[in-house]
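*Asks:* everything below, folded, please.
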Amino acid sequence: MPKNHIGTKNEKSLHAAIKEMISLPGDQLEVRVDGYIIDIVRDDLLIEIQTRNFSSISFKLRRLIQNHKLRLVYPIPQLKRIIRIDPSNHEIISSRKSPRSRGLIDIFDELVRIPHLICHDNFSLEVLLIEEEEIRCNDGEGSWRRKGVSIIDRQLISVLGQVEFRTRRDFLRFVPDRLNQPFTNREIAEETGISIHQSRRVSYTLKKMGVLTEVGRKGNELLFEKAL
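*Replies:* Coordinates of the predicted model:
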């Protein structure tokens, strides 16, 4: 295959690469457990890799953690290169660095969908901060937000960091100790350098998880305190 040519078959490259990277000798791959196919089974631990949103697997996770220890592995692209290919011959048209910078705080974009699972003793979360290539094709079949451009594949380049959350207390890292209690979403945003929109997602999720408690109001803003 030519150097500047990329196939368009979506083989879920990112998912496959992460599974290969984290697998250990003795692991069982693609095993059926309680009617579900599990990416990796390691002794009594089930490991699921999710590269997209959590909504699609929330029911599956909720069922499995009733009887099994389960670790959810989720990659966040801290660095991304966007590669566009020609829909007619699949050759590379352009390659550029994405201007969007993502970090660990972006896990709340997904945690807001499953805050109740974090509280379960059988559940843990592993976040991988990665560098990836995203392959796009202007085939007219993609999201309207991208004006019909499809994401054909995502490819793992490297892992830049790894953070594991085993208990609710691990999420206190998102609530700086220097915050005076009680505190508002605006004060969270100012202390952490995130947007108000992000801080609201953080406080909502942490409240649902029992990490924060809502204790009143300061004008039009909610007031929170640490619950742990």
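*Asks:* ranges for the helices of this protein?
*Replies:* All helices of the chain, identified by DSSP state H, fall at 13-22, 58-64, 108-111, 115-118, 185-192, 196-209.
*Asks:* in CSV: the ones you listed, plus mean neighbour count.
*Replies:* Every C-beta, even on glycine, is put in place using the N, C-alpha and C of the backbone. As requested, these are exported to CSV (neighbours: other CB atoms under 10 Å):
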stretch, mean neighbour count
helix 13-22, 17
helix 58-64, 16
helix 108-111, 20
helix 115-118, 18
helix 185-192, 18
helix 196-209, 19
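*Asks:* let me have those in JSON lines, extended by mean pLDDT and distance to V163.
*Replies:* Shown next, in JSON lines, are these (pLDDT from 0 to 100; distance: least, CB to CB, whole Å):
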{"stretch": "helix 13-22", "mean pLDDT": "96", "distance to V163": "14"}
{"stretch": "helix 58-64", "mean pLDDT": "96", "distance to V163": "19"}
{"stretch": "helix 108-111", "mean pLDDT": "96", "distance to V163": "13"}
{"stretch": "helix 115-118", "mean pLDDT": "91", "distance to V163": "14"}
{"stretch": "helix 185-192", "mean pLDDT": "95", "distance to V163": "16"}
{"stretch": "helix 196-209", "mean pLDDT": "96", "distance to V163": "15"}
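*Asks:* okay, these in TSV with distance to E225 next?
*Replies:* Listed next are these as TSV, based on distance: least, CB to CB, whole Å:
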stretch	distance to E225
helix 13-22	37
helix 58-64	28
helix 108-111	19
helix 115-118	18
helix 185-192	12
helix 196-209	10
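*Asks:* once you drop chain neighbours, what's closest to S158?
*Replies:* E131 (4.7 Å; CB to CB, 6 or more residues apart in numbering).
*Asks:* contacting residues around that neighbour?
*Replies:* Contacts for E131 were tallied using CB atoms under 8 Å, 6 or more residues apart in numbering; they are P77, Q78, L79, K80, R81, L156, I157, S158, V159, L160.
*Asks:* that one and F174: what is the separation?
*Replies:* 23 Å (CB to CB, to the nearest Å).
*Asks:* next one: I188
*Replies:* 8 Å.
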